[in-house]
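A.B. asks: Give me a model of this one.
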Amino acid sequence: MAELHNNLKSLRTEKGFTQASLADAVGVTRKTINTIENRVFTPSTLLAMQIAQTLDLTVHDIFYVKDD
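C.D. replies: As a prediction, the model looks like this:
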(Lines give C-alpha, C1' and ligand atoms only; values in the text may rest on other atoms or scores of the structure.)
Protein backbone atom coordinates (compact mmCIF):
# COMPACT_ATOMS: atom_id res chain seq x y z
CA MET A 1 0.00 0.00 0.00
CA ALA A 2 1.30 3.45 -0.89
CA GLU A 3 2.08 5.87 1.94
CA LEU A 4 2.98 9.55 2.00
CA HIS A 5 6.50 10.20 3.28
CA ASN A 6 8.42 13.46 3.63
CA ASN A 7 11.84 15.04 3.93
CA LEU A 8 10.50 17.99 5.88
CA LYS A 9 12.82 17.82 8.89
CA SER A 10 16.06 17.71 6.89
CA LEU A 11 14.91 20.34 4.39
CA ARG A 12 13.59 22.62 7.14
CA THR A 13 16.86 22.52 9.06
CA GLU A 14 18.87 22.96 5.86
CA LYS A 15 16.89 26.15 5.19
CA GLY A 16 17.53 27.40 8.74
CA PHE A 17 14.03 27.00 10.17
CA THR A 18 13.10 25.56 13.54
CA GLN A 19 9.77 23.79 13.92
CA ALA A 20 8.49 26.88 15.70
CA SER A 21 9.69 29.38 13.10
CA LEU A 22 8.24 27.36 10.22
CA ALA A 23 4.99 26.96 12.11
CA ASP A 24 4.79 30.72 12.68
CA ALA A 25 5.51 31.38 9.01
CA VAL A 26 2.66 29.16 7.79
CA GLY A 27 0.18 29.85 10.61
CA VAL A 28 0.11 26.54 12.46
CA THR A 29 1.46 25.25 15.76
CA ARG A 30 4.91 23.77 16.29
CA LYS A 31 3.16 20.50 17.17
CA THR A 32 1.56 20.43 13.71
CA ILE A 33 4.99 20.64 12.05
CA ASN A 34 6.25 17.94 14.41
CA THR A 35 3.38 15.59 13.58
CA ILE A 36 3.89 16.13 9.84
CA GLU A 37 7.60 15.34 10.16
CA ASN A 38 6.80 12.16 12.10
CA ARG A 39 4.09 11.09 9.63
CA VAL A 40 1.37 11.21 12.29
CA PHE A 41 -0.53 13.93 10.39
CA THR A 42 -0.95 14.40 6.64
CA PRO A 43 -1.18 18.09 5.78
CA SER A 44 -3.89 19.53 3.58
CA THR A 45 -2.93 20.47 0.06
CA LEU A 46 -3.02 24.14 1.04
CA LEU A 47 -0.72 23.63 4.04
CA ALA A 48 1.70 21.50 2.00
CA MET A 49 1.86 24.28 -0.60
CA GLN A 50 2.39 26.96 2.07
CA ILE A 51 5.23 24.95 3.61
CA ALA A 52 6.85 24.44 0.21
CA GLN A 53 6.52 28.13 -0.68
CA THR A 54 7.97 29.21 2.66
CA LEU A 55 10.96 26.88 2.19
CA ASP A 56 11.31 27.95 -1.48
CA LEU A 57 10.81 24.36 -2.62
CA THR A 58 8.19 22.38 -4.50
CA VAL A 59 5.69 20.12 -2.78
CA HIS A 60 7.40 17.22 -4.57
CA ASP A 61 10.74 18.20 -3.03
CA ILE A 62 9.22 17.68 0.43
CA PHE A 63 6.56 14.99 0.04
CA TYR A 64 6.71 11.69 -1.86
CA VAL A 65 4.76 8.46 -2.12
CA LYS A 66 6.44 5.23 -1.09
CA ASP A 67 5.11 1.76 -1.75
CA ASP A 68 5.59 -0.50 1.24
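A.B. asks: Flag every buried residue along the lengthiest helix in the chain.
C.D. replies: In the chain, assigned by DSSP state H, the helix with the most residues is helix 45-54. Using 16 or more other Cβ atoms under 10 Å as the test for burial, helix 45-54 gives 47-48, 50-52, 54. Where you see a C-beta, it was placed from the backbone N, CA and C, and this is true even at glycine.
A.B. asks: What is it packed up against?
C.D. replies: With contacts defined as 3 or more Cβ pairs under 8 Å, 6 or more residues apart in numbering; DSSP states H and E, the packing partners of helix 45-54 are helix 19-26, helix 59-62.
A.B. asks: Mind telling me which residue is nearest the centre of this structure?
C.D. replies: By Cα atoms, centre = their mean, the chain has its centre lying nearest to Leu8, at 4.4 Å.
A.B. asks: Identify the residue spatially nearest to that one, adjacent ones excluded.
C.D. replies: Glu37 (4.9 Å; Cβ to Cβ, 6 or more residues apart in numbering).
A.B. asks: Just the pLDDT at the one you found, thanks.
C.D. replies: On pLDDT, Glu37 comes in at 98.
A.B. asks: how close does it get to Asp61?
C.D. replies: According to Cβ to Cβ, to the nearest Å, Glu37 stands 15 Å off from Asp61.
A.B. asks: out of those two, which sits in the busier spot?
C.D. replies: Each of Glu37 and Asp61 has its neighbours counted (other Cβ atoms under 10 Å); Glu37 has more, 17 against 14.
A.B. asks: Which residues are in contact with the more buried one?
C.D. replies: 6, 8-9, 12, 19 (Cβ atoms under 8 Å, 6 or more residues apart in numbering).
A.B. asks: Now restrict those to buried residues only.
C.D. replies: In the contacts of Glu37, the ones that pass as buried (16+ other Cβ under 10 Å) are 6, 8, 12, 19.
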